[in-house]
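> The following comprises the amino acid sequence and a computationally predicted model.
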Amino acid sequence: MKDEILTIKNVKKFFTTPQGVVRAVDGVSLSVKKGETFGLIGESGSGKSTLAYVVAGIYIPTQGSIYFNKQDIGKGYRKRSKYLKKEIRIIFQDPGSSLNPRRNIKQIIELPVKVHNTFKNNHKNQRVEELLEMVELPINYLYKYPQELGGGEKQMVAIARAIATEPSLVILDEPTSALDVSIQAKIIKILMDLQRRNNLTYLFITHDLSLMRNIASRVAIMYLGKVCEVANTSEFFKKPLHPYTQMLLSSIPVLTKEEELLKPQKIVPVGEIPSPVNVPPGCSFHFRCSKKMDICSQKDPEMVEISKTHIVRCHLYKKID
Amino acid sequence: MTNRNSFINIFSKTKRRRSFSRGWYNFSRNPLSVVGMIILLLIIFAAIFAPYITPFPEHAGAFTNFREASKPPSSTYIFGTDSIGRDIFTRVIFGYRFSLILSIVVLALSIPPGVIFGLIAGYYQGTWIEIIIMRITDVFIAVPPFVLALAVAAMLSPNLFNQMMAISFVWWTWYCRLVYTMTTSLCHEDFVTEAKLVGASKTHILFREILPNCMGPILTKMTLDMGLVIIVGSSLSFIGLGVQPPKSDLGTMIAEGARRLPSEWWAAVFPAIAIIVVILAFNLLGDGLKDVFNIEEV
Ligand SMILES: Nc1ncnc2c1ncn2[C@@H]1O[C@H](COP(=O)(O)OP(=O)(O)OP(=O)(O)O)[C@@H](O)[C@H]1O
Ligand SMILES: [Mg+2]
């Protein structure tokens, strides 16, 4: 078994708003292993970004703990050591907002290199050029500004900036969902190459099921701030256990492999996701569930380990002692 | 390699006009702002070279020639002469010197602290630092700037330096407000979050990430303010709290001329027109800059 690089234990993140308390992340436990691509899937509003931000340290969890290589990191980025800031990096969904329009590509990529001093002065330029090459952008882009680049190219720059510190864990918050389909495939390919070459661990957030099928080693599915099912990718797609997973998978039309690589498969849900302000009692999925039982509206199910590689949170499955 | 090139070709079709030429294009599409700029360049040129281009440079100071006193506009004195025989055209050009120096110095003194306090207040949104800075600006903004400048100037002895100090003292708050508002919204941008996460210093975040994004509105406001500062400065001079005789700026000249209205109308009217022209020119230029930076309202 590979080592766990990231361990999330019963993490909760609530936001207090005028409408009430938003339970954006409501008790998530996950573990990500070194070198894998861990796919986190969920509909819009299920709390994926919030969980990503908690791991990145942007938000401090309301409850629960997060460990990076057994080191507690659950106190927000301000409390993190320089080493942790170098090791854990995040790529945002919208490269339009994540690149400063008033700084050129060289300045953007140079910042993490400078801050973390991993390279001596005279090698800095060389390093920036090398990073640009890694994301397959030409050297003459160094002095361009983000607004002169296309959406895909901007995301490439964001990727180069993320890996500039030689991190071990990269959180990707829907890195391709703001981009054209044709560019998505290219970006995924580069991300996979980089992962292989630099031994990166990805926490890959998306609402694109077929993308996960192609690149993730394990998948977790989130619903209203809670994880419903965690499994190896093949098991997840071959024998999904949770009714929610089954519902989502059944809505994917069958495609050829080539098409699948290109076409994004957004989750097409039946019914509406309730607001995380008024989470229904019992299992939060019960009133969209086709296999609803009496207990479902009363008691929130617990995580059940079906096998070493498959965990599900549903009353249909009982703990095997 | 071929694969890589073809990928890049997808993007090479995107418009890539240099940002400067695009800015100039937006600016020059508005003919009025070009007119404003030309007028300003002429005024600045005239003010700098006033001793060489004015017909009677010695009239700028303590000069008297009672034989030529209170002459109406003529080919010799195109704006006429004042009550002690000085050429008003010459004095208007020299007056521009004071107006421009005043507004440049006032802005140079008030913008840096205004910007820095605005950046800090915006960055520390939700903390006591923000509360203190913004409450102070609230107090300043509650009182009309001219009244406050008047109060400050009245406490000091009347001269150009104190006049500048008084106006600067009230002016920085506007830049503080502007930069504060922009900073609070820029702080929510992912690029600021990213800089924080990677461990960049606060100085880097404030001056390299946030400030460059505020420059457009700052420059535009600065241009519009040049005119406003000239009005406030001239108003202070008008009531005797500015440049002292025998030198005179435009406000002082209007005050002197106003005593001789309506018979010797030229003594007040030409300096007044001179003020209106320079303010108008700054406003036209400022409007053009708004288009360049795509600013809705400053
Ligand atoms: N800062 C915040 N303040 C209040 N509520 C928030 C905040 N951030 C997120 N939320 C709420 O928390 C819930 C989860 O949001 P989150 O952005 O994590 O969802 P997501 O799964 O990333 O969705 P998407 O696919 O749209 O990005 C949403 O209902 C959202 O409105
Ligand atoms: Mg999101």
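The structure has been received and is ready for your questions. Ligands and ions are numbered 1, 2, ... in the order given.
> Neighbours of residue B:161, how many?
10 (other CB atoms under 10 Å in any protein chain shown). For glycine as for every other residue, the C-beta is placed from the backbone atoms N, C-alpha and C.
> okay, stretch B:30-37 in PDB with CA atoms only?
Extracted in PDB, the C-alpha atoms of stretch B:30-37 (Å, rounded to 0.1, in the frame of the first residue of the first chain):
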ATOM      1  CA  ASN B  30     -12.800  60.800 -28.800                       C
ATOM      2  CA  PRO B  31     -11.800  64.000 -30.600                       C
ATOM      3  CA  LEU B  32     -12.700  66.200 -27.600                       C
ATOM      4  CA  SER B  33     -10.100  64.500 -25.400                       C
ATOM      5  CA  VAL B  34      -7.400  65.100 -28.100                       C
ATOM      6  CA  VAL B  35      -8.400  68.700 -28.200                       C
ATOM      7  CA  GLY B  36      -8.100  68.800 -24.400                       C
ATOM      8  CA  MET B  37      -4.700  67.300 -24.600                       C
END
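> So for chain A, which residue is the most central one in space?
The residue lying closest to the centre of chain A (CA atoms, centre = their mean) is residue A:205, at 2.6 Å.
> my bad, chain B
For chain B, residue B:226 is the residue whose C-alpha lies nearest the centre (CA atoms, centre = their mean; 1.7 Å).
> ranges for the helices of the stretch 101-250 of chain B?
B:128-142, B:145-155, B:160-186, B:190-198, B:202-203, B:211-238, B:250-258 (DSSP state H, counting those that start in this stretch).
> Now those in TSV, please, with extra columns for mean pLDDT and distance to ligand 1.
Below are those laid out as TSV (pLDDT from 0 to 100; distance: least, CB to the nearest ligand atom, whole Å):
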stretch	mean pLDDT	distance to ligand 1
helix B:128-142	93	19
helix B:145-155	85	37
helix B:160-186	92	15
helix B:190-198	96	12
helix B:202-203	96	22
helix B:211-238	91	22
helix B:250-258	85	52
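> Near ligand 1, which residues of the stretch 201-321 of chain A are found?
Selection of the stretch 201-321 of chain A residues close to ligand 1 by CB under 6 Å from any ligand atom yields A:207, A:276.
> try it again with 5 Å
residue A:276 (CB under 5 Å from any ligand atom).
> can you map out the helices along the stretch 201-321 of chain A?
A:209-215, A:233-238, A:243-250, A:257-262.
> With residue B:163 as the reference, name the closest of those.
helix A:209-215 (66.6 Å; CB to CB).
> Okay, buried residues for that closest one please.
A:209, A:210, A:211, A:212, A:213, A:214, A:215 (16 or more other CB atoms under 10 Å in any protein chain shown).
> filter these by proximity to chain B?
Filtering those for proximity to chain B by CB under 8 Å from any CB of the partner chain leaves nothing.
> Quick check: the farthest pair among those?
Maximum distance among the buried residues of helix A:209-215 (CB to CB): 11.6 Å, for A:209 and A:215.
> returning to that earlier point: who wins for proximity to residue A:81 among the helices of the stretch 201-321 of chain A?
Using CB to CB, the nearest of the helices of the stretch 201-321 of chain A to residue A:81 is helix A:209-215, at 30.6 Å.
> on that earlier part again, out of the helices of the stretch 101-250 of chain B, the one nearest residue A:99 is which?
Among the helices of the stretch 101-250 of chain B, if distance is taken as CB to CB, the winner is helix B:190-198, at 5.9 Å.
> Now do that closest one and helix B:160-186, the angle between them.
90 degrees (axes from the mean of the first three to the mean of the last three CA atoms, to 10 degrees).
> Helix B:190-198 packs against which elements?
strand A:88-91, helix A:95-98, helix A:105-116 (3 or more CB pairs under 8 Å, 6 or more residues apart in numbering or on different chains; DSSP states H and E).
> After the last one, heading C-terminal, what element do we hit next?
Pointing back at helix A:105-116 there. Next helix or strand after helix A:105-116 toward the C-terminus (DSSP states H and E): helix A:121-134.
> No more questions from me, cheers.
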